[in-house]
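Engineer: requesting a structural model of the entry that follows:
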Amino acid sequence: METRELRYFVAVAEELHFGRAAERLGIAQPPLSRAIGGLERRLGALLLERGSRGVTLTAAGAVLLREARAALDAVEAAERRTRRAALTAAGQPAVILAAKAGASGELLAKLLDAYAAEPGAVTVDVLLCGPGEQAAVLRDGRADVALLHRPFDDLAGFDTEDLHTEGQVAVLPAGHPLATRPHLRIAEVTGLPDLPLPRWPRPDGTFPDGPGPKVRDHTQLTQLISLGRACAIVPETIRTSLHEGLTAVPVPDSPHVTTVIAWPPHSRSTAVAGLVRAATAL
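Structural biologist: Predicted coordinates:
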């Protein structure tokens, strides 16, 4: 199968309409239909059911859609990494490190300082991401290495090294009745009717249902907590960046969070190896 054929098929499978898919691809409909038909003949499988009411995916088509998306993502990631390798060969070496905005700030600063002291260190461009975005940018080649957090981030398919494990705390307005407690249980925090937990976006950008406010970053979150509109359970390193008016109370029965440094297998360049070495030595 050719990359072009996979792009054609994904467009039709997502649009479920040959006309809209052709418009999206910027081609005429007849060659698109011929390409899909040729792909089906070579595979010996019907991928799309064509009917008067439109197009639907067959079971085989659903499998190919999933595999085609992964294959196209891998091709795009390879293109991005190859371009960066070409820049390195041209004397513009750099490595891109993805990290969650507002998280692991102290660890990130120590890591960058430690790596800068390594012989042969190159420029590190830090890509600050929204919640859950680091794994995606690492997979699609926009980053070479990332700081991820278990159990929240998807580590599947990455090589990793554990860096730091910590407990979690409840962040509350300083004047709240529970703010003076030595510790809290998860059930106590999640059961606060006046301070609902925030709703973070899913990978597709949608938000789960619930009473809590929608938030996209830690700046929004801390402001909402200060205003008495929300609370949160977060890793305890948040203590170093809490401003006046907020209190952190330990939540011992919440899951521990481990920060890891992650990179795609088979793509550990000299620069990435140096970053990993510097991180694990902290």
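Engineer: and Val234, how many neighbours?
Structural biologist: The tally of other residues near Val234 (other C-beta atoms under 10 Å) stands at 22. Placement of C-beta: from N, CA and C, glycine included.
Engineer: go on, Arg150?
Structural biologist: Neighbour tally, Arg150, other C-beta under 10 Å: 17.
Engineer: swap in the one 10 residues further on?
Structural biologist: Neighbour count for Thr160, taken as other C-beta under 10 Å: 15.
Engineer: that one is in what secondary structure piece?
Structural biologist: In the assignment (DSSP states H and E), Thr160 maps to strand 159-166.
Engineer: list the buried residues for that strand?
Structural biologist: Residues 159, 163-164 are the ones in strand 159-166 that count as buried (16 or more other C-beta atoms under 10 Å).
Engineer: then stretch 203-213?
Structural biologist: Along stretch 203-213, these residues count as buried under the neighbour rule (16+ other C-beta under 10 Å): 212-213.
Engineer: which neighbouring elements make contact with the strand holding Thr160?
Structural biologist: If contacts are counted by 3 or more C-beta pairs under 8 Å, 6 or more residues apart in numbering; DSSP states H and E, strand 159-166 sits against strand 257-263, helix 270-280.
Engineer: quick one, the shortest one and helix 270-280 angle?
Structural biologist: Relative orientation of strand 257-263 with respect to helix 270-280: 160 degrees, computed using axes from the mean of the first three to the mean of the last three C-alpha atoms, to 10 degrees.
Engineer: list the neighbouring strands of strand 257-263 plus their orientation.
Structural biologist: Strand 257-263 sits in its sheet next to strand 145-150 (antiparallel), strand 159-166 (antiparallel), going by DSSP bridges.
Engineer: those strands: which one's closest to Arg24?
Structural biologist: Comparing the strands paired with strand 257-263 against Arg24 with C-beta to C-beta, the closest turns out to be strand 145-150 (30.7 Å).
Engineer: how far out from the middle of the chain is the closest one?
Structural biologist: Computed by C-alpha atoms, centre = their mean, to the nearest Å, the chain-centroid distance of strand 145-150 equals 9 Å.
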